[in-house]
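Participant: With the input below, show me the fold.
(one chain, ligands or ions: 3)
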Amino acid sequence: MTDHDTDTIVAIATAPGAGGVGMVRLSGPRSRAIAEGLCGCALVPRHAHYVRIRANDTLLDDGIALYFAAPASFTGEHVVELQAHGSPVVLQQIVAACRALGARDARPGEFSERAFLNGKLDLAQAEAVADLIAAADTRAARAARRALDGVFSERVDAVATELLHLRVHVEAAIDFADESLDTLGGEQVRAGLDRAATHIAQLLADAERGRKLRDGLHAVIVGPPNAGKSSLLNALAGSERAIVTDIAGTTRDLLHETVRLDGAELTLVDTAGLREGGDAIEREGMRRAREELRRADLAIVVLDARDPASGRAAVAEAIADVPRRLWIHNKADLLDAPPLMADDTVHVSARTGQGLDTLHAQLRRLSGAEAADAAEGTFTARARHVDALARAALHVDDARGQVAHEALDLAAESLRAAHEALGEITGRVAPDALLGHIFSSFCIGK
Ligand SMILES: Nc1nc2c(c(=O)[nH]1)N(C=O)[C@@H](CNc1ccc(C(=O)N[C@@H](CCC(=O)O)C(=O)O)cc1)CN2
Ligand SMILES: Nc1nc2c(ncn2[C@@H]2O[C@H](COP(=O)(O)OP(=O)(O)OP(=O)(O)O)[C@@H](O)[C@H]2O)c(=O)[nH]1
Ligand SMILES: [Mg+2]
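Facilitator: Ligands and ions are numbered 1, 2, ... in the order given. Sure thing, here's the model as predicted:
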């Protein structure tokens, strides 16, 4: 027997700290007996019982007890919820009393892990629970809600089923090795592979949007040394996060800062100024800056308003593949004449604050553009889902080439690999290490 068959787990399910009401949750075979021991009465499934919660004749609190009999519960096991006053001390005492009666502390995410292991949720849905709890804005919450409802999983499963049919077809054809594929429905296999490739590509694009929605816009501040990148980060963050000096090459490490604009979240990254040369430390900083730009949704290019041209040349190559750019001419306070207005350039002064409201509006607009992309039907996704879909796409591409060359053994192997990659998303194929990694990042009591 595995540990989730035998152990009864307990944890405070409500957020840490004082609250109006707090909840202790039990899951496992002994949860009913333990709760009945504390409450001193028999619990009827799905009834709200008003109870006095006692440990060794000491009254801990009065509250409400709810019993969900297996398998009709969140985890699929016997679950009891004890709702007490939201006092951290009282809730801890109740947990200790449950422990004394044979429960053990739940690991982070263990309730959701059990829901997954008992088939109540698939892996992408369990991850969506965590994403919903962590959602920073209404859009992200709505998208996580859709993933929790299975919108993403259903599409993954649909493609997996397509691949399974193709696998069966190809593997059957292998057994008739002396006949050509054409006599064995080769046309159908080729068409099926094309369809699967299209579906995976669409799903990959949607998952990538879902990942951005979950993680927020990833904006990297880039430009030549001394242009005022760190000053601008500080101005947008509203605090002196980054070191600012008049020495070119001050910033070397990446500095991440989360900024909220009207409920939409944005990650800003300050980077080392890009230029030719520099010492070993500065060069490493520039390497990190370029690396970070590969993951950027937006490059905020900061140039010195007095000499924008040279800086633009210095960054051109580094930002070539970034999907969106925002051009900033900083130090506008040092210009002799007011700048000529250009649509795609914002003139600001990180020092005086001039132009920062325009910059804010632009950033909101760009976050909004991402939102418009995120139409109905969008779901949250994670980098690991995007990665699995990308691998599935490569394997299907391999299979197409192999079928074209009538290398059916290889094609079958590629389709198996593609199918498995999709299985990682929903957890149909999930190594223990992956599960441990995913659920340990949940909060306690979830
Ligand atoms: N009190 C309480 N509120 C909560 C939760 C909880 O665990 N307890 N949830 C925790 O995340 C969320 C709701 N999710 C839940 C999902 C399934 C079941 C459940 O009992 N499922 C059974 C019965 C379904 C039915 O009656 O139709 C099942 O799936 O068999 C309960 C809560 C949010 N609110
Ligand atoms: N007058 C004026 N000076 C500014 C402005 N923004 C930054 N500075 C000054 O410019 C110098 C460089 O600023 P930083 O923010 O460190 O520039 P950086 O782009 O981060 O530089 P590196 O980290 O070296 O790449 C500092 O002396 C700042 O005080 C501005 O809007 N106006
Ligand atoms: Mg800097």
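
Participant: Ala411: what's its closest spatial neighbour, skipping adjacent residues?
Facilitator: Residue nearest to Ala411 in three dimensions, not counting chain neighbours: Gln402, with 3.9 Å by CB to CB, 6 or more residues apart in numbering. C-beta here means a position set from N, CA and C on the backbone, and glycine is covered the same way.

Participant: Name the helix or strand for that neighbour, please.
Facilitator: With secondary structure defined by DSSP states H and E, Gln402 is part of helix 383-404.

Participant: Surely the residue nearest to Ala411 touches Ala417?
Facilitator: No: taking contacts as CB atoms under 8 Å, Gln402 lies outside contact range of Ala417: 11.6 Å.

Participant: Neighbour count for those two, which is higher?
Facilitator: The residue with the greater number of neighbours, taking Gln402 and Ala417 and applying other CB atoms under 10 Å, is Gln402; the counts read 20 against 17.

Participant: elements contacting the lengthiest helix in the chain?
Facilitator: The helix that spans the most residues within the chain, counting by DSSP state H, is helix 186-215. Counting by 3 or more CB pairs under 8 Å, 6 or more residues apart in numbering; DSSP states H and E, the packing neighbours recorded for helix 186-215 are helix 138-148, helix 151-174, helix 356-373, helix 383-404.

Participant: any idea of the angle that helix forms with helix 138-148?
Facilitator: Calculated by axes from the mean of the first three to the mean of the last three CA atoms, to 10 degrees, helix 186-215 forms an angle of 140 degrees with helix 138-148.

Participant: Now do the buried residues in helix 186-215.
Facilitator: Of the residues in helix 186-215, those buried under the neighbour-count criterion (16 or more other CB atoms under 10 Å) are 186, 189, 192-193, 196-197, 199-200, 203-204, 206-215.

Participant: what secondary structure does the most far-flung residue of the chain relative to its centre sit in?
Facilitator: With distances taken as CA atoms, centre = their mean, the residue sitting farthest from the centre of the chain turns out to be Asp178, at 48.7 Å. The three-state label for Asp178, taken from DSSP: H, G, I helix; E, B strand; the rest coil, comes out as coil.

Participant: separation between it and ligand 2?
Facilitator: Look at Asp178 and ligand 2: by CB to the nearest ligand atom, to the nearest Å, they are 68 Å apart.

Participant: before we move on, what about Ala433?
Facilitator: Computed with CB to the nearest ligand atom, the distance linking Ala433 and ligand 2 is 39 Å.

Participant: One more: Asp137?
Facilitator: Asp137 is 29 Å from ligand 2, where distance means CB to the nearest ligand atom.

Participant: got the contact list for stretch 19-30?
Facilitator: Outside of stretch 19-30, the residues that reach it under the criterion CB atoms under 8 Å, 6 or more residues apart in numbering are 4-14, 34-35, 73-75, 77-88, 90-91, 94-95, 98, 101-103, 106, 111, 114, 445.

Participant: coming back round to it: the buried residues of helix 186-215: which ones sit near ligand 1?
Facilitator: When the buried residues of helix 186-215 are filtered against ligand 1 using CB under 6 Å from any ligand atom, no residues are retained.

Participant: domain ranges for the chain?
Facilitator: Described in terms of automatic domain parsing, the domain architecture of the chain consists of the residue ranges 4-121, 132-213+382-427, 216-374.

Participant: Show the pLDDT at Gln125.
Facilitator: According to the predicted model, the pLDDT of Gln125 comes to 97.

Participant: residue contacts, it?
Facilitator: Listed by CB under 8 Å, 6+ apart, the contact partners of Gln125 are 147-148, 150, 153.

Participant: Most neighbours among these, which one is it?
Facilitator: Ranked by the number of neighbours (other CB under 10 Å), the contacts of Gln125 place Ala147 first, at 26 neighbours.

Participant: Run the contact check for stretch 329-339 versus ligand 2.
Facilitator: Yes: Stretch 329-339 is in contact with ligand 2 by CB under 6 Å from any ligand atom, via 330-331, 333-334.

Participant: any chance of those in a markdown table, plus secondary structure and distance to Asp409?
Facilitator: Output for the residues of stretch 329-339 next to ligand 2, formatted as a markdown table (DSSP: H, G, I helix; E, B strand; the rest coil; distance: CB to CB, whole Å):
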| residue | secondary structure | distance to Asp409 |
| --- | --- | --- |
| Asn330 | strand | 60 |
| Lys331 | coil | 65 |
| Asp333 | helix | 69 |
| Leu334 | helix | 69 |
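
Participant: Show me what the strand ranked longest in the chain packs onto, helices and strands only.
Facilitator: In the chain, with assignment by DSSP state E, the single longest strand is strand 58-68. Strand 58-68 makes packing contacts with helix 31-39, strand 48-55, strand 79-86, helix 88-100 when contacts are defined by 3+ CB pairs under 8 Å, 6+ apart.

Participant: can you list contacts of the third one?
Facilitator: This points to strand 79-86. Contact with strand 79-86 is made by 13-14, 18-27, 31-32, 34-35, 38-39, 43, 51, 53, 60-68, 70, 73, 90-91, 94, as judged by CB under 8 Å, 6+ apart.

Participant: Drop anything exposed from these.
Facilitator: Buried by 16+ other CB under 10 Å: 13-14, 22-27, 31-32, 34-35, 38-39, 43, 51, 53, 60-61, 63, 65-68, 70, 73, 90-91, 94, out of the contacts of strand 79-86.

Participant: near ligand 1, which of these show up?
Facilitator: 68, 73.

Participant: Excluding residues flanking it in the chain, which one is nearest Glu424?
Facilitator: Counting by CB to CB, 6+ apart, the residue nearest Glu424 is Ala388, at 4.8 Å.

Participant: distance of the one you found from ligand 2?
Facilitator: Going from Ala388 to ligand 2 by CB to the nearest ligand atom gives 37 Å.

Participant: Counting by contacts, list what the helix or strand hosting Ala417 packs against.
Facilitator: Assigning secondary structure by DSSP H and E places Ala417 in helix 408-426. Counting contacts by 3+ CB pairs under 8 Å, 6+ apart, helix 408-426 is packed against helix 123-134, helix 151-174, helix 383-404.

Participant: what's that helix in contact with?
Facilitator: 122-124, 152-153, 156-157, 159-160, 163-164, 166-167, 170-171, 173-174, 177, 181, 196, 200, 384-385, 388-389, 391-392, 395-396, 398-399, 402-403, 429-430, 434.

Participant: Buried members of those into PyMOL, please.
Facilitator: Selecting in PyMOL just the buried members of these, where the criterion is 16+ other CB under 10 Å, is done with this command:
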select buried, resi 122+123+124+152+153+156+157+159+160+163+166+167+170+173+181+196+200+384+385+388+389+391+392+395+396+398+399+402+403+430
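
Participant: Tell me where the stretch 101-250 of the chain is predicted with low confidence.
Facilitator: Residues of the stretch 101-250 of the chain that meet the criterion pLDDT under 70 lie in 177, 182-184.

Participant: need the residues of the stretch 251-400 of the chain near ligand 3, please.
Facilitator: Counting by CB under 5 Å from the ion, the residues of the stretch 251-400 of the chain lying close to ligand 3 are Thr251.
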